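>>> Provide a 3D model corresponding to the input given below.
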Amino acid sequence: MSDNNLHIAVIGSGGAAMAAALKAAERGARITLIEKGTIGGTCVNIGCVPSKILIRAAHIAHLRSESPFDDGLSAKSPEVNRPALLAQQQNLVDELRDAKYEGILRDHPAITVLQGEARFIDAHSLSVKLNDGGEQAVHFDRALIGTGARPALPPVSGLVDTPYLTSTSALVLDEVPRRMIVIGASVVAVELAQAFARLGSKVTMLARSRLLSREDPMVGDAVEAAFRREGIEVFKQTEASRVDYRDNEFVVDTNAGTLRADQLLVATGRAPNTETLNLASIGVESKGGAVLVDEHLQTTVRGIYAAGDCTNQPQFVYVAAAGGSRAAVNMTGGDATLDLSAMPAVIFIDPQVATAGLTEAEAVRQGFNVETRSLDLGNVPRALVNFDSRGFIKMVAERGSGRLLGVQAVAGEAGELIQTAVMALRARMTVQEIGDELFPYLTMVEGLKLCAQTFSKDVKQLSCCAG
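Okay, the predicted model is just below:
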């Protein structure tokens, strides 16, 4: 724990910064939090929260127009009132920002908020260009950089001269475009592509290699199959070479031909917000703009820490918050590390994608002798009664010991089952031990037990509740 004189500067106000500020204050430090934009950062304002509201609305629209039970339950495509959906979305964003960020900061006696742009002068002082005019010096004992990231742009000729969409502007569109082209094939791209398709857009995706190329190939193949069934066109091995905007229409030249649409969404990754911090002059090293941190979240300069999307760590808000919290412990005299070996990840499409631990390829690269099994969801009772057996569960285990190394799942509720896999990985459980555990019948998480059992038996020969 720190003494009451310890002063920590926190730059940013998103998941990493807020977690750091609150934990450091809890441990007795005095905080100056500096934010140049909207309090709350990406997740609550322009990221996870509004995107998941849009995705949920699109999911409901899809179920009203089509479901596995249409023979017995009438279906009718809904009329989409996009301004009303947007107002509902923004109301919740405003409520959560006030409840979880602004209100907490407003009432916290140990945290002072400065609205402005921070720039390092040296390893113990900042200059803040205040939003309402003037500059203010901030001297500190420790500092945390939590400035997040923004949508990155690919170097496509003509793109910057067009009114293209990013994930930020797409989320506040007040009408659903008739035709949309999506450049990109990773998490944000697939989530928004399916959401707009389900709200009524004719969506075409351009993937430089394939969908979700960083995941196990089975994952991308399953998602592509699901997208094609919904009418989403996927061009693989395809790149845009030029973009023009003429007569209210985007014209995109690609190696697969010229494509046209009413809106163009660019979702090709995110760039760290670090270029104005003057990091190089004080010795904080970065790569591609991402601040390099060690397992204690410390940068290459003693006493200066960083966490979240502006660093070289995975860009998930829960990783950011965990990093910010651990950095605060370390800044106030403690000793905490961030272990990402069993980090869960969820992609909010339908069916969902959820992963934890190593893929087969990653395990092999790390020197493991592995064996794998994949279970078709047609073997999972929950999927059968849902009349939705799209997807699979795959387990990667160490050959010989049977220790679980990783899980990849594509399933309707994959995001809800993956934390069980995380706990199994943390406990270093074997697939035999997982297969012997009790799992509730008619839940999707029971698929983990069934997949584990495939290492030693044919689950098609089991009774309905897997024995």
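>>> Check what pLDDT residue 462 gets.
Predicted confidence (pLDDT) for residue 462: 75.
>>> what does stretch 36-46 contact?
12-15, 17-18, 47-49, 93, 96-97, 100-102, 105, 113, 115-118, 131, 146, 148-149, 167-168, 171, 309, 317 (Cβ atoms under 8 Å, 6 or more residues apart in numbering). C-beta coordinates here come from the backbone N, C-alpha and C atoms, glycine included.
>>> oh sorry, the question was meant for stretch 75-84
Counting by Cβ under 8 Å, 6+ apart, 61, 64, 65, 66, 67, 173, 174, 175, 176, 199, 200 sit against stretch 75-84.
>>> May I have the residues that are in contact with the fifth one?
Residue 67 makes contact with 73, 75, according to Cβ under 8 Å, 6+ apart.
>>> how far away is it from residue 54?
To residue 54, residue 67 is 20 Å away according to Cβ to Cβ, to the nearest Å.
>>> cool, the last one as well?
Distance check for residue 200 against residue 54: by Cβ to Cβ, it reads 13 Å.
>>> So for these two, which sits in the more crowded spot?
residue 54 (25 against 18; other Cβ atoms under 10 Å).
>>> now that one, what's its secondary structure?
Following DSSP: H, G, I helix; E, B strand; the rest coil, residue 54 is assigned to helix.
>>> Would you confirm that it contacts residue 194?
No. The criterion here is Cβ atoms under 8 Å, and residue 54 misses it with residue 194 at 10.5 Å.
>>> Farthest-apart pair in the contacts of stretch 75-84, please.
Taking Cβ to Cβ as the measure, the contacts of stretch 75-84 span a maximum distance of 28.1 Å, between 67 and 174.
>>> can you pull the contacts of the most centrally placed residue in the chain?
Geometric centre of the chain, nearest residue: residue 316, 4.6 Å, by Cα atoms, centre = their mean. Counting by Cβ under 8 Å, 6+ apart, residue 316 touches 343, 345.
>>> State the distance from it to residue 43.
Residue 316 sits 10 Å away from residue 43, going by Cβ to Cβ.
>>> Equivalent analysis for residue 435, please.
37 Å.
>>> for residue 102, same thing?
14 Å.
>>> Those two: which has the busier surroundings?
Legend: neighbour count by other Cβ under 10 Å for residue 102 and residue 43, higher for residue 43 (25 against 16).
>>> Could you check how far the more buried one is from residue 250?
For residue 43, the distance to residue 250 - Cβ to Cβ - is 29 Å.
>>> cool, residue 177 as well?
Taken as Cβ to Cβ, the span from residue 177 to residue 250 is 10 Å.
>>> Next, show the common contact partners of the two.
Residues touching both residue 177 and residue 250 (Cβ under 8 Å, 6+ apart): 261, 262, 263.
>>> Could you identify which of those residues has the most neighbours?
Neighbour-wise, the shared contacts of residue 177 and residue 250 (other Cβ under 10 Å) top out at residue 263, 23 neighbours.
>>> Now do the SS call for the nearest residue to it once chain neighbours are set aside.
Spatial nearest neighbour of residue 263, chain neighbours left out: residue 177 (4.0 Å); criterion: Cβ to Cβ, 6 or more residues apart in numbering. What three-state DSSP gives for residue 177 is coil.
>>> correct me, but residue 177 touches residue 262?
Yes. Contact criterion Cβ under 8 Å: residue 177 and residue 262 qualify, at 4.3 Å.
>>> mind exporting the helix or strand containing residue 168 as PDB, just the C-alpha atoms?
Take DSSP states H and E as the rule and residue 168 turns out to sit in helix 167-170. Taking Å, rounded to 0.1, in the frame of the first residue of the first chain, the C-alpha atoms of helix 167-170 are listed here in PDB:
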ATOM      1  CA  SER A 167     -16.900   1.000 -36.600                       C
ATOM      2  CA  THR A 168     -17.500   4.200 -34.800                       C
ATOM      3  CA  SER A 169     -19.600   5.900 -37.400                       C
ATOM      4  CA  ALA A 170     -21.300   2.700 -38.500                       C
END
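>>> Direction included, what does the next helix-or-strand element following that helix pair up with?
Sequence-wise, the next helix or strand downstream of helix 167-170 (DSSP H and E) is strand 179-183. Here strand 179-183 has these sheet partners by DSSP bridges: strand 202-206 (parallel), strand 263-266 (parallel).
>>> could you dump these to JSON lines with mean pLDDT and distance to residue 254?
Listed next are the strands paired with strand 179-183 as JSON lines, based on pLDDT from 0 to 100; distance: least, Cβ to Cβ, whole Å:
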{"stretch": "strand 202-206", "mean pLDDT": "98", "distance to residue 254": "6"}
{"stretch": "strand 263-266", "mean pLDDT": "98", "distance to residue 254": "12"}
